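S.K.: coordinates for the following, if possible.
(chains A and B)
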Amino acid sequence: MSSAAVLAQGIDERVNEAFTPVSDRVQEVIFFAVPVGGTDLPLIVLWLITAGVFFTIYLKGFQFTAWRQALQLVRGRFNDPRDAGEVTHFQALATAVSGTVGLGNIAGVAVAITLGGPGATLWMIVAGLLGMCTKGVECTLGVKHRREFPDGHVSGGPMYYLSRGLAEQGRGGLGKVLAVLFCLFTVGGALGGGNMFQSNQAYTQLRNVTGGADSPLEGFGWLFGLGMAVLVGVVIIGGIRNIARVTDKLVPFMAVLYITACLVVIIANAGAVPAALGAILTGAFTAQAGVGGLVGALIVGFQRAAFSNEAGVGSAAIAHSAVKTKHPASEGHVATLEPFIDTVVICTMTALTIVITGVYDTEDASDGVALTSDAFATVLPWFPLVLALAVFLFAYSTMLAWSYYGLKAVTYLLGESMLVDRGYKLVFCLFVVIGASASLDPIIGFSDSMIFAMSLPNIIGLYLMARVVKGEIGGYHRALASGEIAPVEQRV
Amino acid sequence: MAEVVVVGVDGSEPGVRAVRFAASHLSGEGGRVVLVHVVPWSPYAITTAEDNEERPARRRQEVEAGEALLAPLLDEVRAAGVGAEGVVRHGHPAEVIVSVARDHGAAHVVVGRVGQSRVRTLLFGSTPSHLVQISPTPVTVVP
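M.R.: Predicted coordinates:
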């Protein structure tokens, strides 16, 4: 091998060496844990579970009754024809879903099963069901306190409801502090889970399908990252938004293809289904050796579900807030569908595929996306290639969505200027390269820390404004019952 | 009751000819024309977060551009002694034209055609042919 090639390969190692201590330090702080039942329970995971449980009880299981109304809203049954040309419920949901359906659904689930055993699957589903409620709450507030600027553009998200919503309660100072904290963590989340984790796993899958350790790409993560950074830069810096639109159109198609492939694997192993379900149920409620016991499965399940559907994190409130509606609670209903699609459907499919094929239970089991890929390969040997394409598209669309969330946070902090805009976007592209070069563990550590940190200021705000949300939802239900809000007759 | 004719206007030359055809058809009959400009839009189109953020502003611009497009045509029709009004809407062109025709109790719909190739029609469809299929009134297609 030429000295230049050796030098080039060394770049990945150096990036990894520089990044790992940063990630470790951040993790120590955010994932402060207390020992429970023989394992360490990070308090931040308890924070998310508590929020999900609290809102589910406080809003009387709102997410379980909202789906009927949500589906009608998404189908456009309540779209006022005079509002044609504005952002519809369907569009707000689709934009948010293409931001959340990413590698958390493919690689994250594999990580959960590797660390927590099959039982983690059940806890992911529970987390998804609870997350539906939290997501509905934050998106209701996102629409209620969004800002409509004189030039017509609309901006919303936790930074606005924290600052404006809490100011209405006479807690303006606290609101500002929480909004600033949220924005700082969002920038971290955009660079971590919304960027590095995605590019890391996209590279891993490409390396796997081109020969694994013998792949010509081995050690050239930085080069892949550079290519991906250019593709991201073309859209976010070059402003070629058509590429983003095409990608977003392909995401639903790939999601359907992905679910179909999962079903094929599950049906091909139909005989193994009862045993797999048994493993998931017993794993969820009984302590298993090597996986940190019962609490371990629960923690890992909740952690990976939260990472995937971002409920309580606040990111979706940014995406949902541009919808055209007079009733914030209507978007709250629609938003509950997001964790359902992301976690209860897609993550569960991935988990079943991995558990049924048993690929997680071998001595030399892969990690992350490679494990999911192995599971597909047992039935569809050619599928890892398609998966590489799906992974690439999911990663790309998630990165574009998060680059936007990060930008909204940065401009909230520093104001809108060309310098801020370009500076942030260049840094974002640089992190695509770092993500593809570093190894998975420090990346997941950093990404998790930032995304979970976002939930700290966000959920404090949600608790303080819980009554406001309850009022909005109650008012909306009363208006529906009285016929004040009624479906629009669609003619033609 | 005076006859109402709905005319689809898309900014093309055949669209202008459709307006003139409708006006000449009604001249002296006491009817009126309703000029419709449709901005193609679907509630189910996939958009990016940035598109969504800018949508209200973009919509306003699109409506203004549509009104600017209709203004000289409305003046021309009125100068010919025929009553005229303009409508700018977002949606599926043929469906919106039909919906406006229903709302105004129109007796007739007139549109221009661009004379596109068969391949293009196969790929993207054509407003006049779709209109012919769904319109509750007779449709005249002006070359």
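S.K.: next, count neighbours for residue A:427.
M.R.: Neighbours of residue A:427 under the rule other Cβ atoms under 10 Å in any protein chain shown: 15. From N, CA and C alone the C-beta is placed, and that goes for glycine too.
S.K.: then residue A:254?
M.R.: Counted with other Cβ under 10 Å, residue A:254 comes out at 20.
S.K.: please identify the helix or strand for the nearest residue to it once chain neighbours are set aside.
M.R.: Once flanking residues are discounted, residue A:254 sits nearest to residue A:390: 4.5 Å by Cβ to Cβ, 6 or more residues apart in numbering or on different chains. Secondary structure assignment for residue A:390, by DSSP states H and E: helix A:383-414.
S.K.: cool, residue B:5 as well?
M.R.: strand B:4-8.
S.K.: counting contacts, what elements does the next helix or strand after that strand pack onto?
M.R.: Where DSSP H and E defines the elements, the next helix or strand beyond strand B:4-8 is helix B:13-26. Helix B:13-26 is packed against strand B:4-8, strand B:32-40, helix B:49-79, strand B:108-112, strand B:139-142, with contacts defined by 3 or more Cβ pairs under 8 Å, 6 or more residues apart in numbering or on different chains; DSSP states H and E.
S.K.: helix B:13-26 to strand B:32-40, inter-axis angle?
M.R.: Orientation check (axes from the mean of the first three to the mean of the last three Cα atoms, to 10 degrees): helix B:13-26 against strand B:32-40 gives 160 degrees.
S.K.: which other residues reach helix B:13-26?
M.R.: B:3, B:5, B:7-9, B:32-33, B:35, B:73, B:76-77, B:80, B:82, B:84, B:108, B:110-115, B:140, B:142-143 (Cβ atoms under 8 Å, 6 or more residues apart in numbering or on different chains).
S.K.: swap in 7 Å and give it another go.
M.R.: B:3, B:5, B:7-9, B:33, B:35, B:73, B:77, B:80, B:82, B:110-114, B:142-143 (Cβ atoms under 7 Å, 6 or more residues apart in numbering or on different chains).
S.K.: select only the buried ones of those residues in ChimeraX?
M.R.: In ChimeraX, selecting the buried portion of the contacts of helix B:13-26, with burial taken from 16 or more other Cβ atoms under 10 Å in any protein chain shown, looks like this:
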select /B:5,7,8,9,33,35,73,77,82,110,111,112,113,142
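S.K.: before we move on, the earlier item: what's the angle from the strand holding residue B:5 to strand B:108-112?
M.R.: Going by the same axes, to 10 degrees, strand B:4-8 makes 20 degrees with strand B:108-112.
S.K.: coming back round to it: could you pull up the mean pLDDT of the helix holding residue A:390?
M.R.: The pLDDT scores in helix A:383-414 average 91.
S.K.: C-terminal to it, what's the next element?
M.R.: helix A:418-437.
S.K.: tell me the buried residues in that following helix?
M.R.: Here helix A:418-437 shows A:421, A:424, A:425, A:428, A:429, A:431, A:432, A:433, A:434, A:435, A:436, A:437 as buried, counting by 16+ other Cβ under 10 Å.
S.K.: and that helix with helix A:383-414, angle?
M.R.: Using the same axes, to 10 degrees: helix A:418-437 against helix A:383-414 is 150 degrees.
S.K.: contacts for stretch A:97-106, please.
M.R.: Taking Cβ under 7 Å, 6+ apart as the rule, stretch A:97-106 contacts A:197-198, A:201, A:248, A:251, A:255, A:307-310, A:315-316, A:319, A:338, A:341-342, A:346-347, A:350, A:369, A:372, A:391, A:394-395, A:397-398, A:401-402.
S.K.: just the residues you listed: which are in helices?
M.R.: Using DSSP state H, the subset of the contacts of stretch A:97-106 located in helices is A:197-198, A:201, A:248, A:251, A:255, A:307-309, A:315-316, A:319, A:338, A:350, A:369, A:372, A:391, A:394-395, A:397-398, A:401-402.
S.K.: about what we covered before: show me what contacts the residue nearest to residue A:254?
M.R.: Here residue A:390 is in contact with A:254, A:257, A:258 (Cβ under 7 Å, 6+ apart).
S.K.: okay, now the unreliable bits of the chain?
M.R.: The chain I'm using is chain A. A:1-9, A:37, A:287-293, A:489-492 (pLDDT under 70).
S.K.: try chain B instead
M.R.: In chain B (pLDDT under 70), the answer is B:1, B:121-125.
S.K.: so how many other residues sit close to residue A:184?
M.R.: Neighbours of residue A:184 (other Cβ under 10 Å): 17.
S.K.: only C-alpha atoms, please: export stretch A:321-328 in PDB.
M.R.: C-alpha atoms of stretch A:321-328 as PDB (Å, rounded to 0.1, in the frame of the first residue of the first chain):
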ATOM      1  CA  SER A 321     -45.900  24.300  13.400                       C
ATOM      2  CA  ALA A 322     -46.300  25.600   9.800                       C
ATOM      3  CA  VAL A 323     -49.600  23.900   9.300                       C
ATOM      4  CA  LYS A 324     -52.700  26.000   8.300                       C
ATOM      5  CA  THR A 325     -55.200  25.700  11.100                       C
ATOM      6  CA  LYS A 326     -57.100  27.800  13.500                       C
ATOM      7  CA  HIS A 327     -57.100  25.100  16.200                       C
ATOM      8  CA  PRO A 328     -53.600  24.100  17.600                       C
END
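S.K.: show me which residues of chain A sit near chain B.
M.R.: A:76, A:79, A:84-88, A:90-92, A:94-95, A:151-155, A:241, A:244-245, A:248-249, A:319, A:322, A:401, A:404, A:491-492 (Cβ under 7 Å from any Cβ of the partner chain).
S.K.: which of these fall within strands?
M.R.: A:154, A:155 (DSSP state E).
S.K.: ok, now how distant is the spatially most central residue of chain B from residue A:309?
M.R.: In chain B, the residue lying closest to the centroid (Cα atoms, centre = their mean) is residue B:8, at 2.2 Å. Distance from residue B:8 to residue A:309, counting by Cβ to Cβ, to the nearest Å: 45 Å.
S.K.: one step back: quick check: angle from the strand holding residue B:5 to helix B:49-79?
M.R.: 130 degrees.
S.K.: helices or strands up against strand B:4-8?
M.R.: helix B:13-26, strand B:32-40, helix B:93-103, strand B:108-112 (3 or more Cβ pairs under 7 Å, 6 or more residues apart in numbering or on different chains; DSSP states H and E).
S.K.: so of the ones you listed, which one's packed in deepest?
M.R.: Mean neighbour counts were compared across the helices and strands packed on strand B:4-8 using mean count of other Cβ atoms under 10 Å in any protein chain shown; the top stretch is strand B:108-112, at a mean of 25.
S.K.: which residues does residue B:67 contact?
M.R.: Residue B:67 touches B:86, B:88, counting by Cβ under 7 Å, 6+ apart.
S.K.: you'd agree residue A:331 is up against residue A:324?
M.R.: No. Checked against Cβ atoms under 7 Å, the pair residue A:331 and residue A:324 is beyond contact range at 9.8 Å.
S.K.: so which of the two has more stuff around it?
M.R.: residue A:331 (30 against 22).
S.K.: and residue A:36, bridged to which residues?
M.R.: Here residue A:36 shows beta-bridge partners residue A:39, assigned using DSSP bridges.
S.K.: any idea how many residues pack against it?
M.R.: 13.
S.K.: ok, residue A:275 next?
M.R.: 13.
S.K.: and residue A:32, by the same measure?
M.R.: Neighbour tally, residue A:32, other Cβ under 10 Å: 11.
S.K.: now do residue A:217
M.R.: 17.
S.K.: which non-adjacent residue is nearest the residue located most distally from the centre of chain B?
M.R.: In chain B, the residue that sits farthest from the middle, by Cα atoms, centre = their mean, is residue B:49; the gap is 29.8 Å. Using Cβ to Cβ, 6+ apart and skipping the chain neighbours, the partner closest in space to residue B:49 is residue A:404 (4.6 Å).
S.K.: wait, doesn't that neighbour sit right on residue B:52?
M.R.: No. The criterion here is Cβ under 7 Å, and residue A:404 misses it with residue B:52 at 9.9 Å.
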